[in-house]
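K.L.:
okay, here's the prediction I keep looking at, along with the sequence it came from:
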Amino acid sequence: MLAPERYQQILGRLEAQGVVRTIALAKALEVTDETIRRDLQILETEGKLTRIHGGASNQKSPFELRSFNERRNLNTGAKQAVAKAALSLIQPQHTYAFDSSTTALALIALLPDQPYRVITNAHAVMEELKNKEAIELVSTGGRYHPKTNTYVGGDSMQTLGRHKVHAAFVSCIGFDAERGASEGFEEQASYKERLTLLAEEVILLVDSSKFEVRSEYFFATTQDIDHIVCDHGISIEFEQKIRSMGIKLTIAEPA
């Protein structure tokens, strides 16, 4: 059975049942579990289903990803304040990795044209920096995901592994004091997990609305994060929690 035929079978069963299971689909369609997982991943990327543990659902996830353009217009004041506070952490002759967050993009927009290397999977970051001649810009490559405006997949992971990353600037959908930073899209979480393992320093750029929130896919524990830069909306209690973990905390001045 060709892939398009499997997709139709999967979507048809999903419409009828509401939830489908990987093992049952593999048996019914006479393919491997891995083939079904790959099919579900592709269909989720196209916005046709939501993957859940052991299968897929036609119900939208409570943490369904907003599009890049939607996120870009949220909490803009806090993002600008965080970006301004983080700018001093970047020095020439270093290699920095940036994720696809709109908070990281706010920082990218402030970067002067100086000699450092920027590694990213974010199309918007590449567009922002493409005309800055002193900056060496490295795309991790991979498959383009239009909703998040990023490149994901195996190629991006391999590219990350070839570089010495002095610091990674990442954001998240939620940061929980017990479990760490989380994402709503599994491939983005996998990319960020790989990045946090490779980088010498991990800097979380986050507005305070994301504190004490858990999304679906955790990519970094509190021990993996070296430095958090946030806006002044953080509560005193949560500030104390972060500092007690040994994480460096920078609270940005209001924009």
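P.N.:
Perfect, I can see it now. Treat the numbers as computed from the prediction; the structure is a model and nothing was measured.

K.L.:
next one: the residue lying closest to residue 201 once chain neighbours are set aside from residue 111, what distance?
P.N.:
Of all residues beyond its chain neighbours, the one nearest residue 201 is residue 167 (4.3 Å), with distances taken as Cβ to Cβ, 6 or more residues apart in numbering. The way it works is simple: take the backbone N, C-alpha and C, and place the C-beta from them, glycine included. The gap separating residue 167 from residue 111 is 13 Å, by Cβ to Cβ, to the nearest Å.

K.L.:
can you work out which residues contact both of these two?
P.N.:
Common neighbours of residue 167 and residue 111 (criterion: Cβ atoms under 8 Å, 6 or more residues apart in numbering): residue 90.

K.L.:
count of neighbours near the nearest residue to residue 92 once chain neighbours are set aside?
P.N.:
Nearest residue to residue 92 in three dimensions, chain neighbours excluded: residue 114, at 4.7 Å (Cβ to Cβ, 6+ apart). For residue 114, the neighbour count with other Cβ atoms under 10 Å is 12.

K.L.:
at the geometric centre of the protein, which residue do we find?
P.N.:
Nearest to the mean C-alpha position of the chain, by Cα atoms, centre = their mean, lies residue 188 at 4.2 Å.

K.L.:
I'd say it and residue 148 touch.
P.N.:
Yes. Residue 188 lies in contact with residue 148 (Cβ atoms under 8 Å); the separation is 6.4 Å.

K.L.:
picking up where we left off before, what lies in contact with the helix or strand hosting the residue nearest to the centre of the chain?
P.N.:
Residue 188 belongs to helix 186-198 when assigned by DSSP states H and E. Residues outside helix 186-198 that contact it (Cβ under 8 Å, 6+ apart): 41, 51, 97, 99-100, 121, 140, 145, 148, 150, 152-153, 156-157, 160-161, 163, 165, 168, 170, 172, 181-183, 202, 216-220, 224-225.

K.L.:
how about 6 Å then?
P.N.:
For helix 186-198, contacts defined as Cβ atoms under 6 Å, 6 or more residues apart in numbering pick out 97, 99, 152, 156-157, 160, 165, 168, 170, 183, 202, 217, 219-220, 224.

K.L.:
which of those residues fall in helices?
P.N.:
Using DSSP state H to define helices, the subset of the contacts of helix 186-198 located there is 156, 157, 160.

K.L.:
count of neighbours near the residue nearest to the second one when sequence neighbours are not counted?
P.N.:
What sits nearest to residue 157 in space, not counting adjacent residues and going by Cβ to Cβ, 6+ apart, is residue 194, at 5.3 Å. Burial measure for residue 194: 18 neighbouring residues, criterion other Cβ under 10 Å.
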